[in-house]
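**Q** next come a sequence and a model predicted from it.
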Amino acid sequence: MLDHIESCSECGQHTVTESIGRVVHRVGQREIIVDQDRHLVCGHCGNISYRGEMLDESQRKVASMLRQQDNLLTPDELRAIRLKYGFTQAEMEKLLTIGAKTWVRWERGKVVQSSAADQMIRQISKNPELLRDLMRSGGIRNDSAEKFLAAIDEEVEQRIAARLSENFPDLKHETLQAAARIAAAEVRRSQHGGADQAERTAA
Ligand SMILES: [Zn+2]
């Protein structure tokens with residue numbers, strides 16, 4: 001519909017038109033084929049180019065295919081994991097010690113996280129103790145995430161208390177609770193691989 005939008009950056013002819021079709025993209029050593037890729041093509045030399053949102057759209061499609069092939073988390077999944085803990089995008093960048101705006105780009109869908117980063121994010125999603133460590137080492141304070149972690153601690157304590165109560169029905173409620181608290185703190189410490197957590201769990 002839009003004919004001869006601009007001159008070709010390769011050959012200079014005014015033979016560039018908009019087209020939708022299959023384009024093969026090179027990403028490192030790989031070829032990513034996008035079937036419905038909106039692009040500009042030169043009728044004279046065949047040069048393919050992108051402009052403005054056309055480029056965004058194409059980059060998103062290539063990224064999406066890379067993600068599918070490598071079985072990586074989608075932007076929606078990344079966002080869901082971040083929001084589960086209530087982190088900002090900048091906090092995720094600090095947590096993962098990645099560059100400013102890196103997470104922003106992943107979540108926007110134009111850039112794909114590495115497999116290593118993907119694994120780490122999955123770990124963070126299911127391992128609260130790892131998250132606690134990363135928050136500590138990154139100096140990240142976040143009320144929402146801390147509440148989330150506190151709720152998990154609470155749940156573990158309650159489970160231990162319930163088990164203790166089954167095994168020692170004569171123990172007083174306060175004793176059970178106190179014992180459960182100590183046991184839960186000990187479990188956390190062992191998950192952190194040392195006694196350096198002592199000040200924190202004692203608080
Ligand atoms: Zn051309």
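**A** Looks like it arrived, so ask away. Numbering: from 1, shown residues only.
**Q** can you name the residues that contact the most centrally placed residue in the chain?
**A** The chain has Leu78 as the residue nearest its centroid, 3.7 Å off, counting by CA atoms, centre = their mean. Shown in contact with Leu78 (CB atoms under 8 Å, 6 or more residues apart in numbering): Trp103, Trp106, Glu107, Gln113, Ile121. (Each C-beta comes from the backbone N, C-alpha and C, glycine too.)
**Q** how does it look with 10 Å?
**A** Shown in contact with Leu78 (CB atoms under 10 Å, 6 or more residues apart in numbering): 72, 89, 92, 103, 106-109, 113, 117-118, 121, 125.
**Q** please convert these to JSON lines, extending it with distance to the ion, secondary structure and neighbour count.
**A** Supplementary listing: those in JSON lines, determined by distance: CB to the ion, whole Å; DSSP: H, G, I helix; E, B strand; the rest coil; neighbours: other CB atoms under 10 Å:
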{"residue": "Leu72", "distance to the ion": "35", "secondary structure": "coil", "neighbour count": "22"}
{"residue": "Gln89", "distance to the ion": "40", "secondary structure": "helix", "neighbour count": "18"}
{"residue": "Met92", "distance to the ion": "42", "secondary structure": "helix", "neighbour count": "23"}
{"residue": "Trp103", "distance to the ion": "38", "secondary structure": "helix", "neighbour count": "27"}
{"residue": "Trp106", "distance to the ion": "34", "secondary structure": "helix", "neighbour count": "28"}
{"residue": "Glu107", "distance to the ion": "36", "secondary structure": "helix", "neighbour count": "19"}
{"residue": "Arg108", "distance to the ion": "31", "secondary structure": "helix", "neighbour count": "17"}
{"residue": "Gly109", "distance to the ion": "30", "secondary structure": "coil", "neighbour count": "18"}
{"residue": "Gln113", "distance to the ion": "35", "secondary structure": "coil", "neighbour count": "25"}
{"residue": "Ala117", "distance to the ion": "38", "secondary structure": "helix", "neighbour count": "18"}
{"residue": "Asp118", "distance to the ion": "39", "secondary structure": "helix", "neighbour count": "19"}
{"residue": "Ile121", "distance to the ion": "42", "secondary structure": "helix", "neighbour count": "21"}
{"residue": "Ser125", "distance to the ion": "47", "secondary structure": "helix", "neighbour count": "18"}
